[in-house]
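Undergrad: Whatever this is, show me its structure:
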Amino acid sequence: MSRPRTLLRLAAVVAAAAVALTACGGGAGSASGATLRWGFALPTSWDPVTSSTGNDINTISLVYASLTQLDEKATAVPGLAESWKYNADGTAVTFTLRPNLTFTDGTPLNADAVKQSLLRGKTQQNSLLKDQLATIKDITVAGDRDVTLVLAAPDYQVPNLLAGKTGAIVSPTAFTEDAAAIPTAPVGAGPFKFESFVPESKAVLVKNPGYWDAADVKIDRLELTPTTDAATVIAAVQSGALDVSYIPGNQIPQAKAAGLEVDVIDSLQVNQVDVHSGLAPLTDRRVVDALKYAVDRQQIIDVVNAGVGDVVYQPFPKGYVAFDPSLDTAFAYDPAKARQLLADAGYAPGQLALTVTVNSISQSTAELVQQQLQAVGVNATIKVVPPGSSTWQQEVYLGRKAQFALDGTVGRESPVQNLTVVYGPEGLMNTSKVSTPEFLAALDAVRRTPLDSPDYPRVLQAAVRTGVEMSPSFSLGTQPRVVVRNKKVSPLPHFLSQYRWEGVTVGSTT
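TA: Numbering: from 1, shown residues only. So this is what the prediction gives:
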């Protein structure tokens, strides 16, 4: 699932507020400089190899650096690697590392370390990166700084792919000594390093002076705790228990009334309905299409998220290179057409019954969708799945028990990777597990097109269009990150792909 989980109770926040109020500015226990208290979700694992959700990149990137990173427009730019170059036919790419890199355990981050870390992702038995790294056939090194990835076929998506968890480099010394410890004791080369961690409660990180871009990191200490409901979050930020957190769009007026700052940051996150066309009555494509026309996407955005976000009919936001403007009217809200399709499929009003599966965080959306479906003659029952990604995975992704699941993608660093997750034959969000040969060929065409080619946007958007037209699942709208912060914290930078902290400063409240 794409949103932060609600894990702390009000009592925990009140206790944290009492501690916070004993300090000013940098915070109690901070030996130097600025402390930032961030209310978000703890990752499913601090090990990029076993992390199981896309949302984890926001926290894993605190302790790991990747070979590349994405700029504000989600274009690959240098990270640990200062440059890269493909061979003539796109079957090998050589990354040149920045000089004198080290992990937080003091060991060198050189070409061999990169090789070992990527190979672990390819071969470790419980690795969740195997599919993403399958494009790599071999890895060679030359000296300390050049590492070449030999590819199974031309694939120009690799610089994007390696900008996230897939390219997060873990210390070989650490995982050789005890790979089982990495999920709770990570060793990377990111902007921060671990000081302490209490599972499901709190992680405390301190600035890593050896990070390649340490000069742009102004936060000396970062305390990460899971968030509560929106009203409690606002109270926690107002009191100083938290400095920054996530809120839904409909809580923006309350946050501003409390004297807090709000940043609305465009993201790659898109809300979606996962439709399982293998479960009756969704085996009839007319029924599936009727559902697409029955859902009023704009009403969902206006009512649930106070107008924050845009209606989209594809798993990418407007302005992103993958966004295909020709899909702007695909399955636009048309209840009359929905009723006609249902009649064509042989269903009189009230005859068709459907279960809407939803995480408890999105229950208000489910209730609105239930009303919209009932307006076209579909009796919808809501099934609420308790918070927790493993529960959702067993119900929707792995168990594939859901007919109509309200879901969302946080996006991926590579648009091909995101299309594969949403529409690919083994994609977690493709609960039907059906992909056409035309879609797979379109994805292959994208991989074979250099990112700087003038043809790249056209080829990529054609693949998006093929996926949207093929899939029984459908997109609803974008989900910008709505960040509430107290006035001592400077505005957060706007990156589509994830939360980033470069340049963010924490002042004093006194």
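
Undergrad: what's near enough to touch the closest residue in space to Lys165 that isn't next to it in sequence?
TA: Computed as CB to CB, 6 or more residues apart in numbering, the closest residue to Lys165 that is not its neighbour in sequence is Pro48, at 4.1 Å. To be clear about C-beta, it is placed using only N, CA and C from the backbone, and glycine gets the same treatment. Pro48 is in contact with Asp56, Ile60, Tyr64, Gly121, Leu129, Lys165, Thr166, Ala168, Val170, counting by CB atoms under 8 Å, 6 or more residues apart in numbering.

Undergrad: Need the pLDDT of Pro48.
TA: With respect to pLDDT, Pro48 scores 97.

Undergrad: swap in Ser362?
TA: 88.

Undergrad: just Leu398 next, same as before
TA: Reading off the model, Leu398 has pLDDT 86.

Undergrad: Give me the neighbour count for it.
TA: 12 (other CB atoms under 10 Å).

Undergrad: Next up, phi/psi of it, please.
TA: phi -90, psi -50 (degrees, to the nearest 10).

Undergrad: residues of stretch 197-209 that come out buried?
TA: Phe197, Lys202, Ala203, Val204, Leu205, Val206, Lys207, Asn208 (16 or more other CB atoms under 10 Å).

Undergrad: Could you tell me the end-to-end distance of it?
TA: This stretch, stretch 197-209, spans 20 Å end to end (CA to CA, to the nearest Å).

Undergrad: Can you tell me what sits against it?
TA: Applying CB under 8 Å, 6+ apart, the set of residues contacting stretch 197-209 is 7-8, 33, 42, 46, 59, 62-63, 104, 184-185, 189-196, 214, 217, 219-226.

Undergrad: rerun at 7 Å
TA: 7, 42, 62-63, 104, 184, 190-196, 214, 217, 219-225 (CB atoms under 7 Å, 6 or more residues apart in numbering).

Undergrad: After the helix or strand harbouring Gln69, which helix or strand is next? Please name it.
TA: Taking DSSP states H and E as the definition, one finds Gln69 inside strand 68-70. Later in the chain than strand 68-70, the nearest helix or strand by DSSP H and E is strand 76-78.

Undergrad: quick one: average pLDDT of that next one?
TA: 97.

Undergrad: What lies in contact with it?
TA: Thr68, Gln69, Leu70, Asp71, Pro159, Asn160, Ala163, Leu451.

Undergrad: Of these - the most surrounded one?
TA: Ala163 leads these on contacts (other CB under 10 Å) with 28 neighbours.

Undergrad: Surely that one and Leu70 touch.
TA: Yes: assessed by CB atoms under 7 Å, Ala163 is found in contact with Leu70 at 4.9 Å.

Undergrad: Overlap of the contact sets of these two?
TA: Common contacts of Ala163 and Leu70 (CB under 7 Å, 6+ apart): Ala76, Glu413.

Undergrad: I'd like the distance between the one residue sitting closest to the centre of the chain and Val147.
TA: Closest residue to the average C-alpha location of the chain: Val410 at 3.2 Å, with CA atoms, centre = their mean. Applying CB to CB, to the nearest Å, the value for Val410 to Val147 is 28 Å.

Undergrad: same question, Tyr499
TA: 28 Å.

Undergrad: Between these two, which has more neighbouring residues?
TA: A count of neighbours by other CB under 10 Å puts Val147 above the other of Tyr499 and Val147, at 25 against 21.

Undergrad: List the contacts of the more buried one.
TA: Phe95, Ala111, Val114, Lys115, Ile139, Val141.

Undergrad: so of those residues, which ones are in strands?
TA: Phe95, Ile139, Val141 (DSSP state E).

Undergrad: Can you get me a residue count around Ala375?
TA: 14.

Undergrad: what does the model give it for pLDDT?
TA: With respect to pLDDT, Ala375 has a value of 98.

Undergrad: end-to-end on stretch 210-225?
TA: 25 Å.

Undergrad: no wait, stretch 55-74
TA: End-to-end distance (CA to CA), stretch 55-74: 16 Å.

Undergrad: List the buried residues in it.
TA: 55-70, 74.

Undergrad: for stretch 175-193, same thing?
TA: Phe175, Ala179, Ile182, Pro183, Pro186, Val187, Gly188, Ala189, Gly190, Pro191, Phe192, Lys193.

Undergrad: Give me the residues contacting it.
TA: 45-47, 50, 61-65, 80, 101-105, 109, 120, 168-171, 174, 194, 197, 199, 205-208, 210-211, 217, 222, 501.

Undergrad: Is Val376 in contact with Ala294, as I believe?
TA: Yes: assessed by CB under 7 Å, Val376 is found in contact with Ala294 at 4.5 Å.

Undergrad: between these two, who's got more neighbours?
TA: Neighbours were counted for Val376 and for Ala294 using other CB under 10 Å; Ala294 has more, 25 against 22.

Undergrad: Phi and psi next, for the more buried one.
TA: Torsion angles, degrees, to the nearest 10, at Ala294: phi -80, psi -20.

Undergrad: leaving aside the residues next to it on the chain, what's closest to Ala375?
TA: Here the residue nearest Ala375, using CB to CB, 6+ apart, is Pro335, at 6.1 Å.

Undergrad: Could you measure from the one you found over to His494?
TA: Taken as CB to CB, the span from Pro335 to His494 is 36 Å.

Undergrad: and what of Thr50?
TA: 30 Å.

Undergrad: who's more crowded, those two?
TA: Shown here are Thr50 and His494; by other CB under 10 Å, Thr50 has more neighbours (19 against 15).

Undergrad: Provide the secondary structure category for the more buried one.
TA: coil (DSSP: H, G, I helix; E, B strand; the rest coil).

Undergrad: cool, the one 5 residues further on as well?
TA: Assigned state for Asn55: helix (three-state reduction, three-state DSSP).

Undergrad: Local confidence estimate at the nearest residue to it once chain neighbours are set aside?
TA: Excluding the flanking residues, the one nearest Asn55 by CB to CB, 6+ apart is Val410, at 5.2 Å. Per-residue pLDDT puts Val410 at 90.
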